[in-house]
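Asks: Return atomic coordinates for the entry below.
(one chain, ligands or ions: 3)
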Amino acid sequence: MAPTVERKKIDLAPLKAANVPIFFIVGGPGSGKGTQCDKIVAKYGLTHLSSGDLLRDEVKSGSPRGAQLTAIMESGALVPLEVVLDLVKEAMLIAIEKGSKGFLIDGYPREVAQGQQFESEIQEAKLVLFFDVAEETLVKRLLGRAETSGRADDNIDTIKKRLHTFVTSTAPVVDYYESKGKLVRINAEGTVDDIFGVVVANLDKVTSKI
Ligand SMILES: Nc1ncnc2c1ncn2[C@H]1C[C@H](O)[C@@H](COP(=O)(O)OP(=O)(O)OP(=O)(O)O)O1
Ligand SMILES: Nc1ncnc2c1ncn2[C@H]1C[C@H](O)[C@@H](COP(=O)(O)O)O1
Ligand SMILES: [Mg+2]
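Replies: Numbers count the residues shown, from 1 in each chain. Ligands and ions are numbered 1, 2, ... in the order given. Okay, the predicted model is just below:
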């Protein structure tokens with residue numbers, strides 16, 4: 001039987017009242033989500049929250065919740081929705097207290113239900129940026145990153161499982177937001193700066209509202 005997930009009651013009122021724009025950042029493992037988010041933060045001053053980073057921080061914290069996560073992440077599978085959503089909510093509330101003017105939620109949603117639950121409990125996303133990269137390129141980038149990242153999941157066996165999880169669970173997220181007219185599909189095979197040019201062209205269309 002799956003272990004019980006520890007959950008706290010989270011008061012979302014300040015987050016809802018702030019009503020700042022929220023962008024979901026989606027793409028395969030190694031597609032460049034974190035790289036592009038760093039550049040978006042520098043230009044637009046949005047708050048970058050990576051669900052993977054939040055999970056890794058939770059593991060490092062030594063909390064009971066963190067202890068349940070290591071094995072899941074090292075297997076390339078998805079962490080249960082409630083755990084990720086609670087971590088994202090907590091981080092968003094802290095950022096709102098500090099005056100955040102909007103969010104890049106990187107690596108979330110990983111499955112359609114995550115997007116639906118986030119949007120029903122918090123707020124609708126303004127846009128979903130999808131970094132579209134071929135599997136061969138993803139593997140090359142991740143193996144390159146493995147040389148310095150220290151990430152336990154940057155190894156060929158876990159990379160293969162993460163790619164499988166992306167195809168089976170996350171690809172439907174792309175179709176879901178495309179059907180809602182919210183998806184921006186970006187060919188992310190080029191250079192970091194060329195890709196960022198496309199990102200900027202799309203974000204500038206909504207910048208007046210950021
Ligand atoms: N356009 C690019 N061309 C070449 N390398 C790139 C490009 N963008 C990012 N990289 C490099 C930086 C990293 O070493 C690696 C993965 O990028 P990164 O931004 O960490 O991806 P990601 O955040 O989507 O991965 P993950 O889902 O595993 O967190 O690829
Ligand atoms: N949104 C998420 N849902 C479930 N599991 C997640 C989510 N974000 C990250 N994870 C887990 C599973 C991933 O393989 C690892 C690393 O994430 P990454 O975005 O590659 O840093 O964490
Ligand atoms: Mg990342």
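Asks: make it CA atoms for all contacts and neighbour counts henceforth
Replies: Fine.
Asks: For Ser50, give me phi and psi.
Replies: phi -100, psi 120 (degrees, to the nearest 10).
Asks: sorry, that was for Gly150
Replies: Torsion angles, degrees, to the nearest 10, at Gly150: phi 70, psi 10.
Asks: So for it, what pLDDT did the model give?
Replies: pLDDT, Gly150: 94.
Asks: One more: Ile40?
Replies: For Ile40, pLDDT reads 98.
Asks: now Lys16
Replies: Value for Lys16, per-residue pLDDT: 97.
Asks: going on from the longest helix along the chain, what's the next piece of helix or strand?
Replies: Counting residues, the longest helix in the chain under DSSP state H turns out to be helix 81-97. Later in the chain than helix 81-97, the nearest helix or strand by DSSP states H and E is strand 103-106.
Asks: Kindly calculate the angle that the helix or strand following that next one makes with helix 81-97.
Replies: Using DSSP H and E, the helix or strand that follows strand 103-106 towards the C-terminus is helix 112-121. Interaxial angle of helix 112-121 relative to helix 81-97 (axes from the mean of the first three to the mean of the last three C-alpha atoms, to 10 degrees): 40 degrees.
Asks: what is the rounded mean pLDDT of the helix or strand following helix 112-121?
Replies: Using DSSP H and E, the helix or strand that follows helix 112-121 towards the C-terminus is strand 127-132. Summarised as a single mean, pLDDT over strand 127-132 is 98.
Asks: Mind checking if strand 127-132 is in reach of ligand 1?
Replies: No: judged by C-alpha under 6 Å from any ligand atom, strand 127-132 stays clear of ligand 1, getting no closer than 8.0 Å.
Asks: can you dump the C-alpha coordinates of that strand into CSV?
Replies: This file holds the C-alpha atoms of strand 127-132, laid out as CSV (Å, rounded to 0.1, in the frame of the first residue of the first chain):
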residue,chain,number,x,y,z
LEU,A,127,-0.1,30.7,-21.0
VAL,A,128,1.6,27.3,-21.2
LEU,A,129,5.1,27.5,-22.8
PHE,A,130,6.1,24.1,-24.2
PHE,A,131,9.7,23.5,-25.2
ASP,A,132,9.6,21.0,-28.0
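Asks: Tell me which strands it pairs with, and in which orientation.
Replies: When pairs are called by DSSP bridges, strand 127-132 turns out to pair with strand 22-27 (parallel), strand 183-187 (parallel).
Asks: mind exporting the helix-or-strand element of the chain with minimal mean pLDDT as PDB, just the C-alpha atoms?
Replies: When each helix and strand of the chain is scored by mean pLDDT, DSSP states H and E, helix 64-67 comes last, with a mean of 84. Only the C-alpha atoms of helix 64-67 are listed here, as PDB (Å, rounded to 0.1, in the frame of the first residue of the first chain):
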ATOM      1  CA  PRO A  64       9.200  12.900   6.600                       C
ATOM      2  CA  ARG A  65       7.600  14.100   3.400                       C
ATOM      3  CA  GLY A  66      11.000  14.300   1.700                       C
ATOM      4  CA  ALA A  67      12.000  10.800   2.800                       C
END
